[in-house]
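Colleague: how does the following fold in three dimensions:
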Amino acid sequence: WLVARRAVTPRALLAGAAALVLLVGAAAPAAGPALDRAFQEKTHIAGTNVDTRELRWQAAARLVAEHPVLGVGPGGFRAGYPAASHNAEVDEQSPVAHNTYLEVAAELGLPGFALFAALLALTAVTAERVLRATTDPASVVAVQASLIAVAVASAFLSQQYYLPLWSLVAVVAAADLRLRRTSYLACAPRDQ
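Modeller: Reported below is the predicted structural model:
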(Lines give C-alpha, C1' and ligand atoms only; values in the text may rest on other atoms or scores of the structure.)
Protein backbone atom coordinates (compact mmCIF):
# COMPACT_ATOMS: atom_id res chain seq x y z
CA TRP A 1 0.00 0.00 0.00
CA LEU A 2 2.76 2.40 0.90
CA VAL A 3 4.60 1.65 -2.34
CA ALA A 4 1.40 2.05 -4.37
CA ARG A 5 0.81 5.42 -2.68
CA ARG A 6 4.44 6.38 -3.31
CA ALA A 7 5.01 6.92 0.40
CA VAL A 8 7.83 4.36 0.29
CA THR A 9 9.98 3.81 -2.76
CA PRO A 10 10.48 0.28 -4.08
CA ARG A 11 14.21 0.80 -3.54
CA ALA A 12 13.68 1.56 0.16
CA LEU A 13 11.43 -1.50 0.51
CA LEU A 14 14.06 -3.74 -1.11
CA ALA A 15 16.80 -2.24 1.06
CA GLY A 16 14.74 -2.93 4.18
CA ALA A 17 14.04 -6.52 3.07
CA ALA A 18 17.74 -7.06 2.30
CA ALA A 19 18.74 -5.69 5.71
CA LEU A 20 16.22 -8.01 7.39
CA VAL A 21 17.56 -11.04 5.49
CA LEU A 22 21.13 -10.13 6.47
CA LEU A 23 20.16 -9.64 10.10
CA VAL A 24 18.32 -12.97 10.28
CA GLY A 25 21.14 -14.70 8.42
CA ALA A 26 23.69 -13.37 10.90
CA ALA A 27 21.62 -14.10 14.01
CA ALA A 28 20.32 -17.56 13.05
CA PRO A 29 23.61 -19.49 13.45
CA ALA A 30 24.22 -17.91 16.87
CA ALA A 31 20.69 -18.70 18.06
CA GLY A 32 20.71 -22.22 16.55
CA PRO A 33 19.31 -24.65 19.16
CA ALA A 34 17.30 -22.04 21.06
CA LEU A 35 15.69 -20.85 17.83
CA ASP A 36 14.94 -24.44 16.80
CA ARG A 37 13.28 -25.21 20.16
CA ALA A 38 11.26 -21.97 20.07
CA PHE A 39 10.11 -22.76 16.53
CA GLN A 40 8.92 -26.24 17.57
CA GLU A 41 7.02 -24.82 20.57
CA LYS A 42 5.45 -22.12 18.43
CA THR A 43 4.38 -24.73 15.86
CA HIS A 44 2.51 -26.63 18.58
CA ILE A 45 0.87 -23.47 19.94
CA ALA A 46 -0.06 -22.32 16.43
CA GLY A 47 -1.79 -25.64 15.75
CA THR A 48 -3.83 -25.27 18.94
CA ASN A 49 -4.69 -21.65 18.03
CA VAL A 50 -5.95 -22.71 14.60
CA ASP A 51 -8.19 -25.37 16.16
CA THR A 52 -9.69 -23.01 18.75
CA ARG A 53 -10.20 -20.24 16.19
CA GLU A 54 -12.08 -22.61 13.92
CA LEU A 55 -14.31 -23.60 16.86
CA ARG A 56 -14.99 -19.97 17.71
CA TRP A 57 -15.65 -18.97 14.11
CA GLN A 58 -18.11 -21.85 13.75
CA ALA A 59 -19.81 -20.88 17.01
CA ALA A 60 -20.06 -17.26 15.87
CA ALA A 61 -21.53 -18.37 12.55
CA ARG A 62 -24.11 -20.47 14.44
CA LEU A 63 -25.04 -17.47 16.56
CA VAL A 64 -25.48 -15.36 13.42
CA ALA A 65 -27.66 -18.06 11.86
CA GLU A 66 -29.76 -18.42 15.03
CA HIS A 67 -30.10 -14.65 15.65
CA PRO A 68 -29.73 -12.94 12.24
CA VAL A 69 -31.77 -9.81 12.94
CA LEU A 70 -30.82 -8.60 16.42
CA GLY A 71 -27.87 -10.85 17.24
CA VAL A 72 -27.23 -11.95 20.81
CA GLY A 73 -26.62 -8.40 22.04
CA PRO A 74 -23.47 -6.38 22.71
CA GLY A 75 -21.01 -8.55 24.60
CA GLY A 76 -23.32 -11.55 24.17
CA PHE A 77 -20.81 -13.72 22.33
CA ARG A 78 -19.21 -14.69 25.64
CA ALA A 79 -22.51 -15.81 27.12
CA GLY A 80 -23.69 -17.58 23.96
CA TYR A 81 -20.39 -19.26 23.15
CA PRO A 82 -20.65 -22.38 25.36
CA ALA A 83 -23.98 -23.45 23.84
CA ALA A 84 -23.01 -22.44 20.29
CA SER A 85 -19.73 -24.37 20.55
CA HIS A 86 -21.48 -27.39 22.10
CA ASN A 87 -19.32 -26.86 25.21
CA ALA A 88 -16.12 -27.38 23.23
CA GLU A 89 -14.13 -25.22 25.64
CA VAL A 90 -15.83 -25.59 29.00
CA ASP A 91 -12.97 -24.00 30.95
CA GLU A 92 -12.75 -20.88 28.75
CA GLN A 93 -13.84 -17.94 30.90
CA SER A 94 -13.82 -15.07 28.41
CA PRO A 95 -13.97 -16.30 24.83
CA VAL A 96 -13.80 -13.93 21.90
CA ALA A 97 -14.51 -14.89 18.30
CA HIS A 98 -11.00 -14.02 17.08
CA ASN A 99 -12.71 -12.39 14.10
CA THR A 100 -14.10 -8.91 14.55
CA TYR A 101 -16.53 -9.26 11.65
CA LEU A 102 -18.04 -12.53 12.91
CA GLU A 103 -18.21 -11.24 16.46
CA VAL A 104 -19.98 -8.03 15.40
CA ALA A 105 -22.43 -10.03 13.25
CA ALA A 106 -23.10 -12.48 16.11
CA GLU A 107 -23.64 -9.74 18.67
CA LEU A 108 -25.47 -7.12 16.56
CA GLY A 109 -27.09 -9.26 13.87
CA LEU A 110 -26.80 -8.77 10.13
CA PRO A 111 -28.26 -5.23 10.14
CA GLY A 112 -25.72 -4.20 12.80
CA PHE A 113 -22.95 -5.83 10.82
CA ALA A 114 -24.09 -3.98 7.68
CA LEU A 115 -23.87 -0.68 9.58
CA PHE A 116 -20.41 -1.64 10.88
CA ALA A 117 -19.22 -2.51 7.36
CA ALA A 118 -20.73 0.73 6.03
CA LEU A 119 -18.85 2.70 8.69
CA LEU A 120 -15.57 1.07 7.62
CA ALA A 121 -16.32 1.80 3.95
CA LEU A 122 -17.28 5.40 4.74
CA THR A 123 -14.06 5.80 6.73
CA ALA A 124 -12.01 4.52 3.78
CA VAL A 125 -13.80 6.81 1.31
CA THR A 126 -13.45 9.80 3.64
CA ALA A 127 -9.74 9.11 4.14
CA GLU A 128 -9.28 9.06 0.36
CA ARG A 129 -11.17 12.35 -0.02
CA VAL A 130 -9.04 13.96 2.69
CA LEU A 131 -5.90 12.60 1.05
CA ARG A 132 -6.79 14.17 -2.30
CA ALA A 133 -7.53 17.57 -0.71
CA THR A 134 -4.71 17.86 1.80
CA THR A 135 -1.34 19.51 1.42
CA ASP A 136 0.24 16.95 3.79
CA PRO A 137 -0.55 13.53 2.28
CA ALA A 138 2.02 11.54 4.27
CA SER A 139 0.01 11.52 7.49
CA VAL A 140 -3.21 10.52 5.70
CA VAL A 141 -1.43 7.72 3.82
CA ALA A 142 -0.12 6.47 7.18
CA VAL A 143 -3.67 6.47 8.57
CA GLN A 144 -4.91 4.63 5.46
CA ALA A 145 -2.15 2.02 5.80
CA SER A 146 -3.04 1.58 9.48
CA LEU A 147 -6.73 1.20 8.63
CA ILE A 148 -5.91 -1.49 6.06
CA ALA A 149 -3.67 -3.32 8.54
CA VAL A 150 -6.34 -3.26 11.25
CA ALA A 151 -9.08 -4.32 8.79
CA VAL A 152 -7.00 -7.33 7.68
CA ALA A 153 -5.90 -8.26 11.21
CA SER A 154 -9.52 -8.03 12.36
CA ALA A 155 -10.26 -11.13 10.30
CA PHE A 156 -8.07 -13.10 12.73
CA LEU A 157 -8.37 -11.14 15.96
CA SER A 158 -11.19 -9.30 17.63
CA GLN A 159 -10.73 -7.89 21.09
CA GLN A 160 -7.23 -6.54 20.45
CA TYR A 161 -8.37 -4.44 17.50
CA TYR A 162 -11.46 -2.69 18.85
CA LEU A 163 -9.58 0.31 20.18
CA PRO A 164 -7.28 0.82 17.15
CA LEU A 165 -10.21 0.42 14.78
CA TRP A 166 -12.36 3.01 16.54
CA SER A 167 -9.34 5.27 17.01
CA LEU A 168 -8.65 5.24 13.27
CA VAL A 169 -12.30 6.01 12.50
CA ALA A 170 -12.02 8.98 14.89
CA VAL A 171 -8.75 10.18 13.34
CA VAL A 172 -10.26 10.13 9.85
CA ALA A 173 -13.39 11.94 11.09
CA ALA A 174 -11.21 14.60 12.77
CA ALA A 175 -9.11 15.04 9.61
CA ASP A 176 -12.28 15.43 7.55
CA LEU A 177 -13.72 17.94 10.01
CA ARG A 178 -10.50 19.94 9.97
CA LEU A 179 -10.45 19.94 6.18
CA ARG A 180 -14.08 21.08 6.05
CA ARG A 181 -13.46 23.89 8.54
CA THR A 182 -10.40 25.04 6.64
CA SER A 183 -12.36 25.03 3.37
CA TYR A 184 -15.27 26.88 4.98
CA LEU A 185 -13.00 29.57 6.44
CA ALA A 186 -11.23 30.01 3.10
CA CYS A 187 -14.56 30.50 1.30
CA ALA A 188 -16.34 32.59 3.96
CA PRO A 189 -16.89 36.25 3.10
CA ARG A 190 -14.86 38.63 5.23
CA ASP A 191 -16.52 41.49 7.05
CA GLN A 192 -15.18 44.87 6.02
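
Colleague: please pull out the lowest mean pLDDT helix or strand from this structure.
Modeller: Averaged element by element with mean pLDDT, DSSP states H and E, the chain has its least confident helix or strand at helix 10-66 (a mean of 81).

Colleague: what's the helix or strand just after that one in contact with?
Modeller: Sequence-wise, the next helix or strand beyond helix 10-66 is helix 76-84, with elements assigned using DSSP states H and E. Residues from elsewhere that reach helix 76-84 (Cβ atoms under 8 Å, 6 or more residues apart in numbering): 56, 59-60, 62-63, 66, 72, 89-90, 92, 94-97, 103, 106-107. C-beta: built from backbone N, CA, C; applies to glycine.

Colleague: weed out the non-buried ones from the residues you listed.
Modeller: Taking 16 or more other Cβ atoms under 10 Å as the criterion, what is buried in those is 56, 59-60, 62-63, 72, 92, 95-97, 103, 106-107.

Colleague: okay, those residues in a markdown table with distance to W1 next?
Modeller: A markdown table is the format used below for these (distance: Cβ to Cβ, whole Å):
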| residue | distance to W1 |
| --- | --- |
| R56 | 29 |
| A59 | 33 |
| A60 | 28 |
| R62 | 35 |
| L63 | 33 |
| V72 | 35 |
| E92 | 35 |
| P95 | 32 |
| V96 | 27 |
| A97 | 26 |
| E103 | 25 |
| A106 | 29 |
| E107 | 30 |
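
Colleague: ok, so of those, who is nearest S146?
Modeller: E103 (20.6 Å; Cβ to Cβ).

Colleague: looking at it, that closest one is touching A97, isn't it?
Modeller: Yes. Applying Cβ atoms under 8 Å as the test, E103 and A97 come out as touching, 3.7 Å apart.

Colleague: G80: neighbour count?
Modeller: Neighbour count of G80, defined by other Cβ atoms under 10 Å: 21.

Colleague: to clarify, my last question referred to L20.
Modeller: The number of residues packed near L20 is 10, by other Cβ under 10 Å.

Colleague: again with the one 3 residues further on
Modeller: Using other Cβ under 10 Å, L23 is surrounded by 10 other residues.

Colleague: and if you look at T182?
Modeller: 13.

Colleague: can you list the buried residues in the helix or strand containing it?
Modeller: Under the assignment given by DSSP H and E, the secondary-structure element containing T182 is helix 162-187. For helix 162-187, the neighbour count (16+ other Cβ under 10 Å) marks Y162, L165, L168, V169, V171, V172, A175, D176, L179 as buried.

Colleague: hmm, which of these is lowest in pLDDT?
Modeller: Between those, the one the model trusts least by pLDDT is Y162, at 77.

Colleague: for that residue, which non-adjacent residue is closest in space?
Modeller: Once its chain neighbours are removed from consideration, Y162 has its nearest residue in T100; the separation is 7.4 Å (Cβ to Cβ, 6 or more residues apart in numbering).

Colleague: from V140, how far off is the one you found?
Modeller: 23 Å (Cβ to Cβ, to the nearest Å).
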